[in-house]
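In: I would like to see how this sequence folds:
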Amino acid sequence: WAYGDGAASVTNSGSIEATGYTAIGVYAWTDGLGDASVTNTDTGSITATGYYATGILAVSYDTGNSNVTNDGTVSATGDSYADGIYAYSFSGDAVVTTGVDSVTSATSDYYATGILAAGYNSAIVDNSGSVYAVAGVEDGDGDSYGALAGSYGLASVTNSGLIDSSATGLFARALGAGAYSVNDTAIVTNSGSISASASGSGYATAVGVVVESPTYWAVVENEDGGSIDASADSYDGAQATGVYAIGYGVEVYNAGAISASAEAGAEYGGATATGVFAAGTFAVDFSSASGSSIEASASGYYAYATGLFVAGYNYVDVDNGGDIDAYASGVYGSATGMQVLAFDDVAVYNSGDITAEFDGFDGSATGVAVYSLSESVYFYNSGTITATNSSGPGVGVFLASGHYTELFNHGTITADLAVVTGASIDEIWNYGTIN
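Out: The predicted structure follows:
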């Protein structure tokens, strides 16, 4: 390990192993003005095994930055806690960068984190390699986190590689990638693969990507070729969310694939799956490209599946060009392809294929539902919307407003009840097919 009241730096191109109750493979620590830096080259191997285990720990307690670069292999195995890479800066930047062929892994009975960057000024994770977080024991709680960034300033996770988070236990919770900022943008950009899976004997929760910024923008960009997946299965209750974004302002863009699946096996178990959840106290902007997909599937005695959920106060804009599928199978439940809530005016555009299907005894299926509490709703459809409900009528499009709703249809809407409107002034302009 390296300590300095100026800079502290460690470079490894060989093999380092640490074993003990608290085991740290490489530790760079400075409480002065310099940076804490660790570099693990492509021939380097760092292993830590203990009750508490950390592969690389870089800490700057003063004005410096914390920087970690991994091009080799970093592994942490802990009975209770395991962190693959942890970079912390008290007042500067915390930056973790991993190379294409790198492997970073954390395995623990209870809490495992692949990469964590926490910096006051900014926290940045840029992964091009493979990151694994595995946590769980049969009768305990398992919490796994793939890659996390947290800051008062910019918090960013960029992934072009693989991030895989899995948890098991009585209560199992798994998160693939997350960014949280107090006063700036929180953003996750993905062109690789991010997955979170939770399997619980009691309850299970899995989230592919989380971004939060209470005072600024929370942003998710899933680029072409990128995949985000969340899956949860349990006996009593399971909840899976592909993307969860909340903030003062929220932007979500999807050009890849996002999926969420939840399954509960108990006689009266509940399962909830949401492909994308986006909510902003000021504004929300969702868009997706042609060829993209969002899928949500839920199975249980109570089963609820929603492909896309958007809620905003002042400004809500939704432009979907991809496929959205929601499927729920249970005794009771619902399937909703797209649900949009707003306080003021809301405009929704769809040129993709949206499907909602409920299979069960007593439930509902709705292709698209758009609400405004006080102003107008505008829905423009040039795609295909289908709703199927084995227990009753499916609803293709549902529009409700405290003022006025308008539907322009140039596509196809197929359902038992193709279009339903609320207590408002309503206009329907059909230039396509309504079945």
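In: please count neighbours and contacts with C-alpha atoms only from this point.
Out: Noted.
In: strand partners (parallel or antiparallel) of the lengthiest strand in the chain?
Out: The single longest strand within the chain, with elements called by DSSP state E, is strand 193-222. Strand pairing for strand 193-222, determined by DSSP bridges: strand 162-181 (parallel), strand 186-190 (parallel), strand 227-234 (parallel), strand 237-254 (parallel).
In: check contacts around residue 286.
Out: 251-253, 310, 317-320 (C-alpha atoms under 8 Å, 6 or more residues apart in numbering).
In: can I get the CA coordinates of the helix or strand encompassing residue 87 in CSV?
Out: Assigned by DSSP states H and E, residue 87 falls within strand 73-89. What follows is strand 73-89, C-alpha atoms only, in CSV (Å, rounded to 0.1, in the frame of the first residue of the first chain):
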residue,chain,number,x,y,z
THR,A,73,-7.8,-8.8,-13.0
VAL,A,74,-9.2,-7.6,-9.7
SER,A,75,-11.1,-10.0,-7.4
ALA,A,76,-12.5,-9.6,-3.9
THR,A,77,-14.2,-12.3,-1.9
GLY,A,78,-15.7,-11.5,1.5
ASP,A,79,-17.8,-13.4,4.0
SER,A,80,-19.8,-10.2,4.8
TYR,A,81,-18.7,-7.4,2.4
ALA,A,82,-16.8,-7.4,-0.9
ASP,A,83,-15.8,-4.5,-3.1
GLY,A,84,-13.9,-5.1,-6.3
ILE,A,85,-12.8,-1.4,-6.8
TYR,A,86,-13.5,1.5,-4.5
ALA,A,87,-12.4,5.0,-5.3
TYR,A,88,-13.2,7.9,-2.9
SER,A,89,-12.4,11.6,-3.0
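In: helices and strands around that strand, which ones?
Out: Counting contacts by 3 or more C-alpha pairs under 8 Å, 6 or more residues apart in numbering; DSSP states H and E, strand 73-89 is packed against strand 45-60, strand 66-70, strand 93-98, strand 103-108, strand 111-119.
In: okay, angle between the shortest one and strand 93-98 too, please.
Out: In other words, strand 66-70. 0 degrees (axes from the mean of the first three to the mean of the last three C-alpha atoms, to 10 degrees).
In: re the thing from before, format the strands paired with strand 193-222 as CSV; extra columns: mean neighbour count and mean pLDDT.
Out: Shown next, in CSV, are these (neighbours: other C-alpha atoms under 10 Å; pLDDT from 0 to 100):
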stretch, mean neighbour count, mean pLDDT
strand 162-181, 29, 97
strand 186-190, 28, 98
strand 227-234, 29, 97
strand 237-254, 27, 98
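In: what's downstream of the lowest-mean-pLDDT helix or strand in the chain, the next helix or strand?
Out: When the helices and strands of the chain are scored by mean pLDDT, DSSP states H and E, strand 2-4 comes last with a mean of 66. Note on strand 2-4: by DSSP H and E, the next helix or strand toward the C-terminus is strand 8-12.
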